[in-house]
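J.: can you look at this prediction? I've put the sequence above it.
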Amino acid sequence: MDALEGLSAFGIGGIVIADHETDSWVKQSEFPKLLDIAVNDLGVTYIDTARGYDLAEATIGTWFKSQPNPLREKIKIGTKVSISRLKHADDLNSHFAASLSTSLQALGLKSVALHAPNPIQSRSPCRMSSIF
């Protein structure tokens with residue numbers, strides 16, 4: 001089966017913050033409603049998150065577990081790991097493994113469809129050219 005089969009052209013994701021915070025990101029209590037609209041009304045089948053998106057992984061995981069099994073089978077979840085703080089490319093494998101383990105625990109999943117690096121900031125001591 002093709003990994004992209006059944007994947008929607010658009011996905012949903014974002015930074016999720018605690019309800020009491022005053023930042024302009026999505027509040028934790030509002031995000032499940034947005035996921036419902038995206039998946040049930042708009043046909044989205046890809047949910048994107050990242051370790052650095054505050055409460056997003058835990059919120060997505062809780063929402064995902066509450067969905068009926070046929071719907072869960074259609075949805076693909078991807079998460080990202082920041083590598084901007086890595087000092088050496090040699091640390092990449094262990095950093096990815098630790099990040100994936102933490103993400104899976106937060107999401108309450110055994111696997112994800114995608115685990116990728118988040119874009120590297122220009123100030124990062126670890127450049128893509130030093131990794132590949």
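T.: Nice, thanks for sending it over. What you see is a predicted model; the values in this text were computed from it and never measured. Numbering: from 1, shown residues only.

J.: tell me what the longest helix anywhere in the chain is packed against?
T.: Using DSSP state H, we find that the single longest helix of the chain is helix 92-107. Applying 3 or more Cβ pairs under 8 Å, 6 or more residues apart in numbering; DSSP states H and E, one finds that helix 92-107 contacts helix 56-65, strand 76-81, strand 114-117. Heads up, the C-betas are built off the backbone N, CA and C, glycines and all.

J.: mean pLDDT added to the ones you listed, as TSV?
T.: Formatted as TSV, the helices and strands packed on helix 92-107 follow (pLDDT from 0 to 100):
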stretch	mean pLDDT
helix 56-65	95
strand 76-81	93
strand 114-117	88
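
J.: give the buried residues for stretch 106-114.
T.: The neighbour-count check on stretch 106-114 (16 or more other Cβ atoms under 10 Å) flags 106-107, 109, 112-113 as buried.

J.: nearest to N69 among the residues you listed?
T.: Among these, L109 lies closest to N69 (Cβ to Cβ), at 14.0 Å.

J.: where does the protein dip in pLDDT?
T.: 1-4, 119-132 (pLDDT under 70).

J.: wait, what's in contact with the spatially most central residue of it?
T.: By Cα atoms, centre = their mean, the chain has its centre lying nearest to T49, at 1.9 Å. For T49, the contacting residues are 13, 56-57, 60, 77-80, 103, 107, by Cβ atoms under 8 Å, 6 or more residues apart in numbering.

J.: cutoff 6 Å now
T.: Residues in contact with T49 (Cβ atoms under 6 Å, 6 or more residues apart in numbering) are 13, 56-57, 60, 79.
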